[in-house]
Each structure stands twice: as C-alpha cells, then as structure tokens.
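>>> fold the following and give me the result.
(2 chains)
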Amino acid sequence: MSSLLKVTDLVVSYGGIEALKGISFDVGQGQIVTLIGANGAGKSTTLRTIAGLVPHKDGRINYEGRDITDLNTQKIVENGIALVPEGRRVFANLTVLENLRIGAYLRKDKDLIEEDIQYVYELFPRLKERSWQLAGTLSGGEQQMLAVGRAVMTRPKLIMMDEPSLGLAPLVVRDIFSIIRTLKGTGMTVLLIEQNANAALHACDYAYVMETGKITLSGTGEELLASEAIQEAYLGKTGR
Amino acid sequence: MKKKNNIGSYITLGVVILIYAAVFIAEQTIPSTSMLFTVLKKGATYALVAVSMNLLNGFTGIFSLGQAGFMLIGAYIYGIFTIPVSMRGQVYQYFDGGLVQFTLPIIIAMILGGLAAAFFAFLIGLPVLRLKSDYLAIATLGFAEIVRAIFQWNGLGPVTNGSNMLRSFPNFNDFNITDAQGNVTVYLSTLIPFIMSGICILIIVLLINSSYGRAFKAIRDDEVAAEAMGINLAHHKRLAFCISSFFAGVSGAMLAMYQTTVQAKSFTSAMTYEILLIVVIGGIGSVTGSVLSSFLFVACSEWWLRFLDEQQMIGDFQVPLLRNGFRLVVFSVIIMIVVLFFRRGIMGDRELWNLNFTGRRKNKGDGK
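Numbering: from 1, shown residues only, chains lettered A, B, ... in the order given. Presented below is the predicted three-dimensional model:
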C-alpha cells in the first residue's frame, strides 16, 4: 500500500523542552492509522505540527510525495489535510450550517459545497435536524459529529482526529468509531489519536505507540492487542 | 427557512424606508432648532461608529479601544481638505494660511478620511494585533492618545492647525437647499447624515453576512479551530481592523460636520467609552442594537435628561439634588442597571431581520 503521509525524524520543542524527539511514521493511503499513548506523549503535538499549527524544529513531513513541512496551515488545508481538534471546538455562536460552511471556507466550488453539505447531513442526520441551531447548544456527541462534518467539508484526503471520543458516553463513542469506518469506506485516510486504546486498536489498520515524544512500538491493531506490553500499559492487565 | 429570512429582510427594509420618510417629513415641518434634529444628527453619526466598533468587538472578537483616534483622523482629514481656500487665511491664522491650498469635494474628503484611518489601522495592526484581549485594548487606547497628542503638536501646525480648531468647512446645514435669498426651501441637514450612515452600515451588514463575516465570527468563537479550518488569522484580523477603522474615520468626518468645528482635544478616551457603552447597551454582536442604542444614548445625554442639570420648581418646592452635573449621576445609575440586569443589551445578538415575525421558534425549524 502506498503511503499518503510520511513523517521522518520530526522534532518539535516548546521553549527548550522537546515534545517530539524525532518520530517517524507512515500513514498508508486509505487506512486508519492510530497513535496511542499516555498523556503528554506528544500525540496532539504531532497532529498539530502536521497541520502547520505548531512550528517544527527538525525533520520532514511528506504528503502525496511532496514536502509540506514548511507550508502554512492554509496551504495544508487546501492540499486536503483536515484536523478535527481536541475538545471538538465547534464555533459555539454560529449555527450548525454556518459551522459547516466555515469548513468549506477555502473552497471556491460553490455547487459542490452545497452537495457536500447534503452529504454531511446524510452522514449525520442529527445535524440536519439541528441545522439552524447554535452549535453551542448541541450535546457533546452532536458537537463531535459537527466537528467531523466541518472537517469533511474541506474535502480532505487525510482527516486527522484528536481524541474524538474524549468526554463522550460509551454509546456515542461507538457511533463515532462507526463514523470513522464509514469515512474510511469513502476512500478517506484517517489518522487517529486516542486514549481509548482498546477501541482505537480494534478500529485501526496500523498503530503506533508513543511514549514521551518517541515511538516505541508499532504494528497492526491485532498485533498490538495481542502484545503483552500493550495489554499491561494501556488496556489494563486483566484486559479483555 | 430562506423564505422566512426574506420576510424579515422585507420588514426591515420597510421599517428603514418609513424612518427615512419620517425624518424627511419631520425636517420640513418641525422648526430646525428643535433638539430632535440635534439628537438625530449626532445619533446617526454615533450609530455608524458604534456599528464599526461592533464589527470589531462583537463580530471578530478583537477588543479594541482606538475608536476615538480613528475618528480624529477621519475628522481632521475631512476638515483639512474641505475648508474653502478663501477661508484658510482666517482658520490657519497662526500658520500663514496653512500648507494645503486646495479643497476636495465633500464625499471624496470623507472617503479619504476613512482611508487614512484604515491606513493607520494597517500600520499599528501589524504589531498590535498579535496581542490578545486586554493587552490589545490597552495598546489601541494608547494609540488613540498618541494620535491626539500628535495632531495638537505645533510642528504639524501648517497642516493640522496645531491645537487650534479647524472650522468653516461644510457642515450638515450646508446640505439644505436654499433659494436665491438664502432661505431654506428643502431641509436635508438631517436626512443626509442618515443616508451617509445608512449606506455605510448597509455595507457592514453585507460584509458580516458574507463568507468573510462568517470567518470573523469563527475567529471570535475559537481562534484555534478557525486556523485549523484554514482561515488565516492575521490576515482576517487585520482586514476587520482596517474596515472598522475606515468606517470610524468616516463617522469622524460626520462628527466634524455635526460639530461644525474640529479640535483634537475633544477626541478623548471618554468618547471611546461612550461608544463602547452604546455597543454594550445595544447588544454585542447586534447591528440593530447598536443603531437603536446610539439614538437612545444620544437622546438621553443631549435631551431627555438635560432637565436634571437645572433647578426645577414644583410649585414653591425646589426639587432637591437637581443641579449641574446631576444628569451624569443619573446616567451612571442607568448604565449600572443595564449592565446588572440586561447584560446582553437591548438586542442580545439578534437582528431586526432575524426576529421571529411569524411567532414560530426558529430553532425548531426543520432545516429546509
């Protein structure tokens, strides 16, 4: 499988402290790839750096065979990388529809935008019901759907999700993961960060385990689920 | 839903036309010395600057307090370029008639005033817009004070007339149509400022409802998410800042016309606070609210509460407390009541054209 995103020796530091100490990983075209790890392992920093929101110190990021390391966020979004930020971060005082339109802000193809709004409504019928409601009045799960829908509106090839299950009820978490699989079904590539390692490993094609700014393990979901080290550290020893 | 939106727009359009007609008729029938016209003229001016401040503070979430400075620039540019050449010797009596020896048409001078304000906004925006909330407010407030000092500096006297006032430029009364004897045949001195303000506010409303406006609101709600959606923060903030300042400059020119004179020392930070107050009372994020509260505010401060400043007798009984300055006390109390009990202002973040005229709850709409 060809790789869509290739990160090589990426180093990021915040005020002298290295959050990422040279990580390398591949995201294959059409796959769900997940980064798992404890708090402070550098997972969010990785996504934010790829999205151009955080400056990097060293290393390269290649996307579709092109070097995108030094592009600004705007260009990166235009190239088809979308970020669903941690904590949903919907625009609370805008309506659901306006939120979706913001997602398409950089796009010029007016007709296709309308089509894509309908597409997002198909993915998330709940959003259609609430399209004139202010995003701040939605429930947590609905806001997460909106955050994903907003990212889909950028017409991404790669969608990066930062802890989409954070603070959501177990039932809603299941919905979110089924949505992630649906997105994969439409040909999108998903780079997923999760603390819910169990769910993430079941959903993903390939996984990387991060610890304090380094990648310590990698393998397919099944491999990692079977690994004793992973069971001990992330799934609870008695696990499933 | 789209249809309902249209109903709101039509009703708004109707209300606006009615108001303009009422202003025109009132002007022809009521003596021009009435306080009503003072209030309407100043209200129209303040409505524009309040809406421009709302664009920045309410819609983009940039807490700027530089309005008085940008108004000053607009007012001075307008004054400097419209004083008739024949009057310049008198106005610039300490500076040999000044450097500028030509006049521009009123509209051009107003737009130039706006552009000059926008240009200064661009310059100070480069460093200042990196700041957040309170720090930005302090920096812009400082800018306004600096501008005020610079315009009073004698070294610039040949252009700005130093600390002396600019006068004799065309004011609102010059819009009245007069016959050969100088008698006014058609009064337009109130309608014209309404039209000026109306056009500018319409432009701002169109901007707010465009995709740019949506980006501004997204920045206000969540900068990080907006950036992640590919919205260039620096560019959009600068754009909002310059546009807001442009209209503050234009309203400064209108204020010059209203006052008939311009003097830098009157553009104090207290003026910015007045405008901020109007925005807060009207509702942060509501253009309609800003317009409404401008007129209410001006009417209260210039007219309805004036009686509080004079001794009043009821029969032989002299009402206690009423003396010069008491108006401001009452005013402060009103402001405290508004801030305590009507925190979202008159309109909240609603607009006249979004109100539910059909009585159906908007949020329950089926999204069609």
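>>> every contact and neighbour count from this point should use C-alpha atoms.
Fine.
>>> the residue of chain B found nearest chain A: what secondary structure?
In chain B, the residue that lies nearest chain A is B:Gly230 (4.1 Å; C-alpha to the nearest C-alpha). What DSSP: H, G, I helix; E, B strand; the rest coil gives for B:Gly230 is coil.
>>> which residue comes closest to it once chain neighbours are left out?
A:Gln74 (4.1 Å; C-alpha to C-alpha, 6 or more residues apart in numbering or on different chains).
>>> so the one you found sits in a strand?
No. Read with three-state DSSP, A:Gln74 is helix and lies in no strand.
>>> quickly note the distance from it to B:Arg130.
Using C-alpha to C-alpha, to the nearest Å, A:Gln74 is found at 18 Å from B:Arg130.
>>> of the two, which one has the most company?
Between A:Gln74 and B:Arg130, counted using other C-alpha atoms under 10 Å in any protein chain shown, A:Gln74 has the larger neighbour count: 20 against 12.
>>> for the more buried one, what are its contacts?
Contact analysis of A:Gln74 by C-alpha atoms under 8 Å, 6 or more residues apart in numbering or on different chains lists A:Leu106, B:Glu227, B:Met229, B:Gly230, B:Ile231, B:Asn232.
>>> how about 10 Å then?
Applying C-alpha atoms under 10 Å, 6 or more residues apart in numbering or on different chains to A:Gln74 gives the contacts A:Ala51, A:Gly52, A:Leu53, A:Ile81, A:Leu106, B:Glu227, B:Ala228, B:Met229, B:Gly230, B:Ile231, B:Asn232, B:Leu233.
>>> neighbour-wise, which of the residues you listed leads?
B:Met229 (31 neighbours).
>>> apart from its chain neighbours, what residue comes closest to that residue?
B:Met229 sits nearest to A:Gly103 (C-alpha to C-alpha, 6+ apart), 5.8 Å away.
>>> near chain A, which residues of the stretch 201-350 of chain B show up?
B:211-212, B:214-215, B:217-233, B:349 (C-alpha under 10 Å from any C-alpha of the partner chain).
>>> all strands for the chain, in order.
Answering for chain A, as no chain was given. A:3-14, A:17-28, A:32-37, A:58-63, A:66-67, A:81-84, A:158-162, A:189-194, A:206-211, A:214-220 (DSSP state E).
>>> let's do chain B instead
B:166-167, B:177-178, B:184-186, B:261-262, B:313-314, B:317-318.
>>> for the residue of chain B most remote from its centre, give its distance to B:Phe326.
For chain B, the residue at maximal distance from the C-alpha centroid (C-alpha atoms, centre = their mean) is B:Asp316, at 43.3 Å. Using C-alpha to C-alpha, B:Asp316 is found at 21 Å from B:Phe326.
>>> what sits against B:Ala144?
So B:Ala144 contacts B:65-73, B:138, B:150, B:267-269, B:272 (C-alpha under 10 Å, 6+ apart).
>>> filter these down to just the ones in helices.
If you go by DSSP state H, those have B:Gln67, B:Ala68, B:Gly69, B:Phe70, B:Met71, B:Leu72, B:Ile73, B:Ile138, B:Ile150, B:Ser269, B:Thr272 in helices.
>>> so the second one makes contact with B:Ala253?
So the one you mean is B:Ala68. No. Contact criterion C-alpha atoms under 10 Å: B:Ala68 and B:Ala253 do not qualify, at 11.9 Å.
>>> what touches both of those two?
Contacts common to B:Ala68 and B:Ala253, judged by C-alpha under 10 Å, 6+ apart, are B:Gly74.
>>> mind showing which ranges of the stretch 151-300 of chain B have poor pLDDT?
For the stretch 151-300 of chain B, no stretch has pLDDT under 70.
>>> cool, and chain A?
In chain A, residues with pLDDT under 70: A:1, A:236-240.
>>> and the residue of it nearest chain B?
Counting by C-alpha to the nearest C-alpha, chain A gets nearest chain B through A:Gln74, at 4.1 Å.
>>> I'd like the distance between that residue and A:Leu158.
15 Å.
>>> centroid residue for the chain?
Chain wasn't specified; assuming chain A. Most central in chain A (C-alpha atoms, centre = their mean) works out to A:Met161, at 1.7 Å.
>>> that's the other chain; I wanted chain B
Central residue of chain B (C-alpha atoms, centre = their mean): B:Val49, at 2.0 Å.
>>> that one contacts B:Ser197, doesn't it?
Yes. Applying C-alpha under 10 Å, one finds B:Val49 in contact with B:Ser197, separated by 9.1 Å.
>>> tell me what A:Ile61 is bridged to.
Assessed by DSSP bridges, A:Ile61 has beta-bridge partners A:Val7.
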